[in-house]
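Engineer: missing the sequence, but the structure's below:
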């Protein structure tokens, strides 16, 4: 008995495998095209990030290119009175031998990026970036330099004395302009003399701007005294409305400028410091895209100024990072303004761990917190 042999049919002649391999081929082509398109999108997005423009501006300070900085420095006229050579030489002398560092600062506007420049850790300059009005071919907006501000005060060189001192006219004593701001009702004495309209420019003002506090809450009054002193460090004594001595805080940004706030509520500070610091952390995390808008608006009183700020604020342009941490925290200036309203200041260094290393953002907020219908919440805030 014979058995008929059958020739095995090639899979390439099978209709099923022909369709199968065609589908696989199309899928591979689609994956390759999609991958190429995605890489193009990512490259386009990355090229439009403001950090690259900021790095170019920061290099001007790092390289000491004050000729270029002069053209965009809004403080140049005040520093040099139009003398570019004087400006360049002065800035180089100030920066000589010092370490230049820069970091991004928080901005409440998504149409502005702020950056600080320091010399050996001291504030030296700041600059901003704004949208240039142009976009990449995929629609990502491009950034350009907005302005530069240096924090340098012009100091005049003392005039040389004439060769014959006995015939030279007597020079008037050099005076230094000073400024002290204290709560209205506090007494200020300078070198033993009480300040008033007769020997100082006296300007009353409010501690907070209009609209910062809820309606009906009294805004503390402050008084600024501007006066001339024979010394850069005059002896200034401040006493409160009960006659107790009050310590002054020196301004980090302006020479010969001091201030103090109203009396702090120590019991309130003890009770609410931890909660206020936690609130500051949550806001910072929202700004860096580590928290949701829903979670932050829940901490605000409904339809309050703070609620409006965060409801309209976008954190989509936050710097990419792998984690965050907090340093040098401080909770101060607890002022009870009514039975249901108090303010406080929270400050810390906010650290983002990026692929390029740590980025440190000095951060400070002033909060206005209100107890409304038995529920406490954030009514308003300042972001520094």
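Structural biologist: Sure thing, it's come through. Source: prediction; values computed, not measured. Numbers count the residues shown, from 1 in each chain.
Engineer: contact partners of whichever strand or helix holds residue 227?
Structural biologist: Element membership for residue 227 (DSSP states H and E) is strand 221-229. Outside strand 221-229, the residues that touch it by Cβ atoms under 8 Å, 6 or more residues apart in numbering are 175-184, 186, 188, 190-191, 195, 199-207, 256. Any C-beta I mention is one placed from the backbone N, CA and C, and that applies to glycine too.
Engineer: could you identify the helix or strand that succeeds that strand?
Structural biologist: Next element after strand 221-229 (DSSP H and E): strand 236-239.
Engineer: low pLDDT regions in the stretch 101-250 of the chain?
Structural biologist: For the stretch 101-250 of the chain, the stretches with pLDDT under 70 are 108, 153-172.
Engineer: 50 instead?
Structural biologist: Across the stretch 101-250 of the chain, nothing is flagged by pLDDT under 50.
Engineer: and the helices in this structure?
Structural biologist: Under the criterion DSSP state H, the chain contains helices at 15-47, 50-62, 66-72, 76-80, 84-95, 266-287, 293-297, 305-312.
Engineer: same list (those helices) but as JSON lines, adding mean pLDDT.
Structural biologist: Compiled in JSON lines, those are given as follows (pLDDT from 0 to 100):
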{"stretch": "helix 15-47", "mean pLDDT": "72"}
{"stretch": "helix 50-62", "mean pLDDT": "89"}
{"stretch": "helix 66-72", "mean pLDDT": "87"}
{"stretch": "helix 76-80", "mean pLDDT": "75"}
{"stretch": "helix 84-95", "mean pLDDT": "86"}
{"stretch": "helix 266-287", "mean pLDDT": "94"}
{"stretch": "helix 293-297", "mean pLDDT": "92"}
{"stretch": "helix 305-312", "mean pLDDT": "93"}
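Engineer: among the ones you listed, which comes closest to residue 136?
Structural biologist: Evaluated over the helices of the chain, closeness to residue 136 peaks at helix 15-47, with 5.0 Å, by Cβ to Cβ.
Engineer: okay, the angle between that closest one and helix 50-62?
Structural biologist: Taking axes from the mean of the first three to the mean of the last three Cα atoms, to 10 degrees, one finds that helix 15-47 is oriented at 30 degrees with respect to helix 50-62.
Engineer: returning to what we had before: strands paired with the strand holding residue 227, and their directions?
Structural biologist: Sheet pairing for strand 221-229, assigned by DSSP bridges, gives strand 176-183 (antiparallel), strand 201-206 (antiparallel).
Engineer: ok, which of these comes nearest residue 329?
Structural biologist: Closest among those, using Cβ to Cβ: strand 176-183, at 25.6 Å.
Engineer: for the closest one, buried residues please.
Structural biologist: Neighbour counts using 16 or more other Cβ atoms under 10 Å place 178, 179, 180, 181, 182, 183 of strand 176-183 among the buried residues.
Engineer: try stretch 284-296
Structural biologist: 284, 285, 286, 287, 288, 290, 291, 296.
Engineer: doesn't residue 242 make contact with residue 183?
Structural biologist: No: judged on Cβ atoms under 8 Å, residue 183 makes no contact with residue 242 at a distance of 12.0 Å.
Engineer: from residue 307, how far off is residue 300?
Structural biologist: 4 Å (Cβ to Cβ, to the nearest Å).
Engineer: give me the distance between residue 96 and residue 64.
Structural biologist: With Cβ to Cβ as the criterion, residue 96 and residue 64 are 9 Å apart.
Engineer: same question for residue 255.
Structural biologist: Applying Cβ to Cβ to residue 255 and residue 64 gives a distance of 24 Å.
Engineer: residue 304: how many residues sit nearby?
Structural biologist: Using other Cβ atoms under 10 Å, residue 304 has 19 other residues around it.
Engineer: nearest residue to it other than its sequence neighbours?
Structural biologist: With Cβ to Cβ, 6 or more residues apart in numbering as the criterion, residue 304 has its nearest non-adjacent residue at 4.7 Å, and that residue is residue 379.
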